[in-house]
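>>> Provide a 3D model corresponding to the input given below.
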Amino acid sequence: MSLRSRLRDAVDRGYEAVLRREVDGAPAHVAIIQDGNRRYARERGGDAPDGHRAGADTTEQVLEWCADLGVAELTLYAFSTENFDRPDDELEPLFDLLEAKLREFADADRIHDQEVCVRALGDVAMLPERVRDAVDYAERRTAGYDEFTLNVALAYGGRNELLGAVRDVARDVDAGDLSPDDVDVAEVESRLYRRPVRDVDLIIRTGGDERTSNFLPWHANGNEAAVYFCTPYWPEFSKLDLLRGIRTYEAREQSWRRSRAERAAALVRALADVEVAETRRVAARLRETLPGDADAVDEALDADAAAETAETAD
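Prediction:
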């Protein structure tokens, strides 16, 4: 290894340590749009299959990083419905790779040691038989695990997912098997593609494009997931990039907590004309409702009290 490479590794290790100190925990569910495999290959004089193979190596590393950081569920956008429009000389090697990796995951010791449940999300029936068989094999081999969930989005399209659920609901309502009044969130979710257990907390997209490509619209947009766009192509994605994404998620969560605390304090201020005992009772209830934000509520109330004291003095 050259001196330059050693220095770079040392800097990366130091920066990773800094990021780890800045990150407090991890989002429960991370979803990644793995973009840039083909561009990565072209820039190195290779073909699309070379990029897909390099990207598959990154996928294995990311699975390890997520488990290490405490992420409970990872969803990877491996193949969209739009990808079927690509030429056969690109699709066939990609289907071969998907088949091989699904079977490899299903048999890997680390998957069973970490009790990883592997599932496919999407219109799997659209895939070639050999890939469908590999999906079935991986799901059967890991069906009993619940320590970590790996969702592989295959033949997936967000609009198709929602459209299929709406059509399914409409058919049952029309047949009289479902009352319109019974159509709620749980009813719709039960009709989505093999739905993820958790709502998405963080979406990461590699490759430089700043769009989410209709990825998991119900579970991500509906949960107002944080989004992190980064420039490295998927084969170049590093643990530092993952940590930056988690830092973005945590910054957004902290901002939300401050906003909730400020709204809670404003509510208490609106009760200024009621009895002091009643105000204290409401404040105590707010602290119970927002246990993680109790200090922020107290700070906001103390600041408001100080302001009122200053006004009285004037």
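>>> Okay, now the unreliable bits of the stretch 201-314 of the chain?
By pLDDT under 70, the low-scoring segments of the stretch 201-314 of the chain are 255-280, 282, 286-287, 289-314.
>>> OK, contacts around residue 48?
Listed by CB atoms under 8 Å, 6 or more residues apart in numbering, the contact set of residue 48 reads 37-38, 41, 90, 93-94. All C-beta atoms are positioned from the backbone trio N, CA, C, and that covers glycine.
>>> For residue 42, see how far away it is.
8 Å (CB to CB, to the nearest Å).
>>> Then residue 114?
Residue 114 is 35 Å from residue 42, by CB to CB.
>>> cool, and residue 105?
From residue 105 to residue 42 the distance is 27 Å (CB to CB).
>>> Between these two, tell me which one has more neighbours.
residue 105 (22 against 13; other CB atoms under 10 Å).
>>> name the helices or strands packed onto the helix or strand where the more buried one lies?
Using DSSP states H and E, residue 105 falls within helix 88-107. Where contact means 3 or more CB pairs under 8 Å, 6 or more residues apart in numbering; DSSP states H and E, helix 88-107 is packed against helix 48-69, strand 73-80, strand 116-121, helix 129-142, strand 148-156.
>>> what's the second one packed up against?
For strand 73-80, the packing partners by 3+ CB pairs under 8 Å, 6+ apart come out as strand 29-33, helix 48-69, helix 88-107, strand 148-156.
>>> Equivalent analysis for the last one, please.
Contact analysis of strand 148-156 by 3+ CB pairs under 8 Å, 6+ apart lists helix 48-69, strand 73-80, helix 88-107, strand 116-121 as its packing neighbours.
>>> The fourth one now?
With contacts defined as 3+ CB pairs under 8 Å, 6+ apart, the packing partners of helix 129-142 are helix 88-107, strand 116-121.
>>> out of the ones you listed, deepest packed?
Of all these, strand 116-121 has the most neighbours on average by mean count of other CB atoms under 10 Å, namely a mean of 22.
>>> Show residues contacting that one.
By CB under 8 Å, 6+ apart, strand 116-121 touches 63, 67, 75, 102, 105-106, 110-111, 135, 138-139, 141-154, 156, 193-196.
>>> quick check: mean pLDDT across it?
In this model, strand 116-121 carries a mean pLDDT of 95.
>>> relative orientation of it and helix 88-107 in degrees?
Interaxial angle of strand 116-121 relative to helix 88-107 (axes from the mean of the first three to the mean of the last three CA atoms, to 10 degrees): 150 degrees.
>>> Strand partners (parallel or antiparallel) of strand 116-121?
Looking at strand 116-121 with DSSP bridges, its partner strands are strand 148-156 (parallel).
>>> a markdown table please, covering the helices and strands packed on helix 88-107 and showing distance to residue 221.
Below are those laid out as a markdown table (distance: least, CB to CB, whole Å):
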| stretch | distance to residue 221 |
| --- | --- |
| helix 48-69 | 22 |
| strand 73-80 | 14 |
| strand 116-121 | 16 |
| helix 129-142 | 26 |
| strand 148-156 | 15 |
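>>> which stretches of the stretch 151-300 of the chain form strands?
Taking DSSP state E, counting those that start in this stretch as the test, the strands found in the stretch 151-300 of the chain are 202-205, 226-229.
>>> Deepest-packed of those strands, please.
When those are compared using mean count of other CB under 10 Å, strand 202-205 is most buried, at a mean of 24.
>>> Strand partners (parallel or antiparallel) of that strand?
When DSSP bridges is applied, strand 202-205 pairs with strand 29-33 (parallel), strand 226-229 (parallel).
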